[in-house]
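Undergrad: fold the following, please.
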Amino acid sequence: MKERIIVIAYTGAGKTEMLKRYEGIYNPSSDDYRYIFDKDLPPEQRKSNPDRKENPEFPNNFIDAIHSGLDDNIVLLPLTKKLFELYLNEDFKQKMKGARIIVACPRKNDFAEYKKRFEERGNIETFIENRQKEFSFIMDTFENMQDFEKIIIKPGQFLDQALIGHGIQLKPK
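TA: Residues are numbered from 1 along each chain as shown. Okay, the predicted model is just below:
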């Protein structure tokens, strides 16, 4: 049986690029499950967009999507403060039982690099401000976390490079 792997990676680490470059990658956008959008917006412009409504089925619909994607894929998940709280919840851990869960984050002093990545990919200012506000919380939680494997994404490095360095095999398209 293929190893079931969930990688929870900080925003801007390169999850979307991995989806484009490697086979067997599943990257469900939490926004697609958490919100209902009135407009058809590109994915990066959906993030922190004020024209969205809460989906009453979240987080159960998101957890179900993660679980269903595990069998044939490495599942890549975003990391925000609210999602980190979800992932650390005992119910989430129980539903993902048997999966190898890895959390990948930059170093505490590397927010400027990620801010530049957010700007380059077209995220709105509100999104960037929200990520900056929660960065310390995420870094402190990551540092003290004992529930999952941890990978530190080095400056200038992207998620795929960090995973390969951690021994995760990726199959190029």
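Undergrad: from here on, contacts and neighbour counts on C-alpha atoms
TA: Will do.
Undergrad: by mean pLDDT, point me to the weakest helix or strand of this protein.
TA: helix 43-46 (a mean of 63; mean pLDDT, DSSP states H and E).
Undergrad: after that helix, which helix or strand is next?
TA: Note on helix 43-46: by DSSP states H and E, the next helix or strand toward the C-terminus is strand 52-54.
Undergrad: show me what contacts residue 32?
TA: Applying CA atoms under 8 Å, 6 or more residues apart in numbering to residue 32 gives no contacts.
Undergrad: spell out which helix or strand contains it, please.
TA: Following DSSP H and E, the helix or strand that holds residue 32 is helix 30-34.
Undergrad: what packs against the helix or strand that that helix is followed by?
TA: Remark: after helix 30-34, the chain's next helix or strand is strand 35-37, criterion DSSP H and E. Strand 35-37 sits against strand 52-54, with contacts defined as 3 or more CA pairs under 8 Å, 6 or more residues apart in numbering; DSSP states H and E.
Undergrad: list the neighbouring strands of the strand it packs on plus their orientation.
TA: Within its sheet, strand 52-54 is paired with strand 35-37 (antiparallel), according to DSSP bridges.
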